[in-house]
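Peer 1: I'll drop the sequence and a predicted model, then ask my questions.
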Amino acid sequence: MKRGFLNSSKAKQLIDNAVFTQQHPSKNRSHKVHLDFRDVATEPGLPDGYESPKLFSREVASSTLEYDPNAYIYTCVPAVNTECLVSGHVKRMIYDTSAFPVLPLPPTRGKAYRIGEAGAKGLGMFSTRLIRAGDLIIDERPMTFSPANNAGSFVNPKIPNSHYTLAQHKQVIQHETEKSRKLLFDRLPLEYQKAFMELANSHEHDGSGSIVGRIRTNGIECVGLRDKDTTGDLGRYTCVCKDISRINHSCCPNANYCWHTESFSVRVYAVRDIPANTEITIAYCEILRTASERAKYLLPYGITSCACSATCIDPALSKISDERRVRFNEGSLSLVPSIDSFTAPKPGEAEDRGSHTAVKWVQEMEEEGFQVTSEYRGAAYMLANMYAYLQDVEKALFYAKKLEGIHKAFEEKTPLFLTEEAVKSSLFYQLGKGRR
Ligand SMILES: C[S@@+](CC[C@H](N)C(=O)[O-])C[C@H]1O[C@@H](n2cnc3c(N)ncnc32)[C@H](O)[C@@H]1O
């Protein structure tokens, strides 16, 4: 039996309460503004006379799944020891996940990281030995799991929102979200409370409370879990881990991360070889964006000028990198030629015209450190298959082997041929053979 706070109001109702109807200043009509805790409270404090609603609690068995799907529950998912603020619907989704709760995986060849000083970035995660592409660096269960917006916080539906300005409404949302997350925090063991409060907080001056600020700075999206009947930004979940929270951002990261419901954990894999004593980095934003676009996404993390690599520091390199990022981002579809256009290079030419662009892209993406992108994987995979089709086993293997580690890092199930025999029995090799 675990103490649980049951908030009986419906998720939909909560979401509707976060929609503020604003009068258009010049025209005689109103429009809806959606608010969530990522909105900056324009002024500190709360509206005069605002009374925060009292939450009531009820003891429930933590193992039960007999909840209203739209009610939010504070619960410790017993098998995994994570404190959760979760809708009944999502709690059921978790328990219905096949194989849940399997143990997190052990890191490949044992632990290979330490947490240490990373200069102006604060703390960071560093390799203690060579880590190979595809190695699992860490598989960590989070300390907290909660909605990624203000869902689960209780804004009294009796409060007539017409009495508030937009800024005041934001203050209420921020206040109530912090209050609901504080309850989650208070349920953590003391050791986790300490670890949580030691984490970075890049939201100290935007109206976010100290708990919400840390969730926003360190939260990892729990892809695949979302509240009933929600789309887009609504209904998502985020989790905060102890060690993974120390991984800094890079615009050319050497690791990727993914959420796994069956183990209730976040896995971090190397996407290329990481030498000993090197910082392990992930991307906090889409990396195939220009420097100015990336800067917008990084600002909420307090990253005002990213200095993660030479391409972010040197304006000339940054210009070249931006041009490449835009090209890779926009051109991925035109890169994939139809099978009929696969032809062998003409005598004296290194590459056929059909493959030339893809070969150049793979080279450029490796120079930039974009192995984490689907565009890199797509281009290398296409080349491996194309050379198999052209019966060029050596080149087919050359590109397939580039993907060996990355496939592990993305837990890809698509078969890769990594031996001469495997190339020769692949579909593309057989198709190419039949064509000659
Ligand atoms: C998830 S934490 C990462 C660990 C953090 N450095 C620490 O000391 O705990 C995110 C925060 O780290 C810092 N950070 C991460 N990547 C950075 C980068 N590329 N440049 C500057 N600061 C960075 C920012 O302060 C950001 O808000």
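Peer 2: Looks like it arrived, so ask away.

Peer 1: For the stretch 151-300 of the chain, list the residues in contact with the ligand, please.
Peer 2: Along the stretch 151-300 of the chain, the residues adjacent to the ligand under the rule Cβ under 6 Å from any ligand atom are 199-200, 202, 217-218, 245-246, 248-249. Using the backbone N, CA and C atoms, a C-beta is placed for each residue, glycine as well.

Peer 1: hey, where'd the helices end up in the protein?
Peer 2: With helices called from DSSP state H, the chain shows them at 11-17, 88-96, 166-186, 190-197, 210-218, 291-298, 310-313, 315-335, 353-368, 374-389, 393-402, 404-409, 420-424, 427-435.

Peer 1: Of all residues in the stretch 301-436 of the chain, which one is closest to the ligand?
Peer 2: Going by Cβ to the nearest ligand atom, the ligand is nearest to Tyr301 of the stretch 301-436 of the chain, at 3.8 Å.

Peer 1: Ser202 is in contact with that residue, correct?
Peer 2: Yes: assessed by Cβ atoms under 8 Å, Tyr301 is found in contact with Ser202 at 4.9 Å.

Peer 1: before we move on, back to that, which of the helices of the chain has the lowest mean pLDDT?
Peer 2: Taking the mean pLDDT of each of the helices of the chain, the lowest value is held by helix 11-17, a mean of 38.

Peer 1: The spatially closest residue to Met143 that is not a sequence neighbour and Asn81, how far apart?
Peer 2: Counting by Cβ to Cβ, 6 or more residues apart in numbering, Met143 lies nearest to Tyr192, which is 4.7 Å off, once chain neighbours are set aside. Note on Tyr192: its distance to Asn81, by Cβ to Cβ, to the nearest Å, is 9 Å.

Peer 1: Kindly report the same for His356.
Peer 2: Note on His356: its distance to Asn81, by Cβ to Cβ, is 54 Å.

Peer 1: again, but for Pro53
Peer 2: 30 Å.

Peer 1: same thing with Ser374?
Peer 2: Here the distance between Ser374 and Asn81 works out to 34 Å (Cβ to Cβ).

Peer 1: Same check on Val102?
Peer 2: Counting by Cβ to Cβ, the gap from Val102 to Asn81 is 14 Å.

Peer 1: what's Ser180 in contact with, if anything?
Peer 2: Ser180 makes contact with 7, 55, 72, 85, 152-154 under the criterion Cβ atoms under 8 Å, 6 or more residues apart in numbering.

Peer 1: next one: phi and psi at whatever residue of the stretch 1-150 of the chain ends up closest to the ligand?
Peer 2: Nearest residue of the stretch 1-150 of the chain to the ligand, counting by Cβ to the nearest ligand atom: Gly122, 2.6 Å away. Taking degrees, to the nearest 10, you get phi 90, psi -140 for the backbone angles of Gly122.

Peer 1: in terms of contact, does it touch Ser202 like I think?
Peer 2: No: applying Cβ under 8 Å, one finds Gly122 not in contact with Ser202, separated by 9.9 Å.

Peer 1: which of these two has more neighbours?
Peer 2: For the pair Gly122 and Ser202, the greater number of neighbours falls to Ser202 (19 against 13), based on other Cβ atoms under 10 Å.
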